[in-house]
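**Student:** sequence first, predicted coordinates after that:
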Amino acid sequence: MFTGIIEATGQLSAIQQRGADITVTIHSQSLDFYDVKLGDSIASNGVCLTVTRLDKHSFDADVSSETLAHTLFGQYKTGQQINLEKAMLPTTRMGGHLVSGHVDGVSRVTKIEASGRARHIWLTLPTALAHYIAVKGSVTIDGVSLTVNELSSDAFRLTIVPHTAEQTTISQLKAGSQVHLEVDLIARYLERLLSKDNNGNANSGVSMALLAQRGFL
């Protein structure tokens, strides 16, 4: 699990083809690897990767065909800048929101506008994920926990403050850039709890009425 608060940026320094899979090497001078061990997870542009080799300033990870099919890693070239976050600890401050590192889809930047020192970024809203996105709700873009500030039928707007732009790869985005999108984990599980079987019965016993009764709505 992660928080969506980026600890450092790195660079994709090598890509090795392994049949249908690849092994990537990610280098970072600024990420502190002192407490990372083989088998640990590091979110890389929002994708949970398992460390298979480690040295002072870089790590290797295998990227499966499943991950390649649902993320942009298959399109990345060496030199690609990567947002990095180590897996959270029980003592970690929850500065962002609960992030699994399991990418739900890919979104595309359609427009970037200045707003004082901040920037408004508009992104496409994939139809299959639209019902998970809510105004003032949380969303993860390339591993960065952000707040949705405006929503339309096919797009949503994020507001990026200078610190976030400076500490992540978001400063490099432009119209046409593609990013990994992970919806709020709670929204995804809530949908599952409220899902119905073929007879129209709630599978879990959880209903909108029950949630309202317990003060969740």
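**Tutor:** In hand now; what should we look at?
**Student:** before we move on, what's the pLDDT of Leu72?
**Tutor:** Looking at Leu72, its pLDDT is 98.
**Student:** distance of it relative to Val103?
**Tutor:** Leu72 sits 9 Å away from Val103, going by C-beta to C-beta, to the nearest Å. All C-beta spots, glycine's among them, are computed from the backbone N, C-alpha and C.
**Student:** of these two, who's got more company?
**Tutor:** More neighbours surround Val103 than the other of Leu72 and Val103, with 23 against 17 (other C-beta atoms under 10 Å).
**Student:** name the residues contacting each of Leu72 and Val103.
**Tutor:** Common neighbours of Leu72 and Val103, counting by C-beta atoms under 8 Å, 6 or more residues apart in numbering, are His180.
**Student:** what's the neighbour count on Gln178?
**Tutor:** Applying other C-beta under 10 Å, I find that Gln178 has 15 neighbouring residues.
**Student:** and the longest helix belonging to the chain, which residues are buried?
**Tutor:** Identified as the longest helix of the chain according to DSSP state H is helix 185-194. Using 16 or more other C-beta atoms under 10 Å as the test for burial, helix 185-194 gives Leu185, Ala187.
**Student:** cool, and stretch 129-136?
**Tutor:** Using 16+ other C-beta under 10 Å as the test for burial, stretch 129-136 gives Leu129, Tyr132, Ile133.
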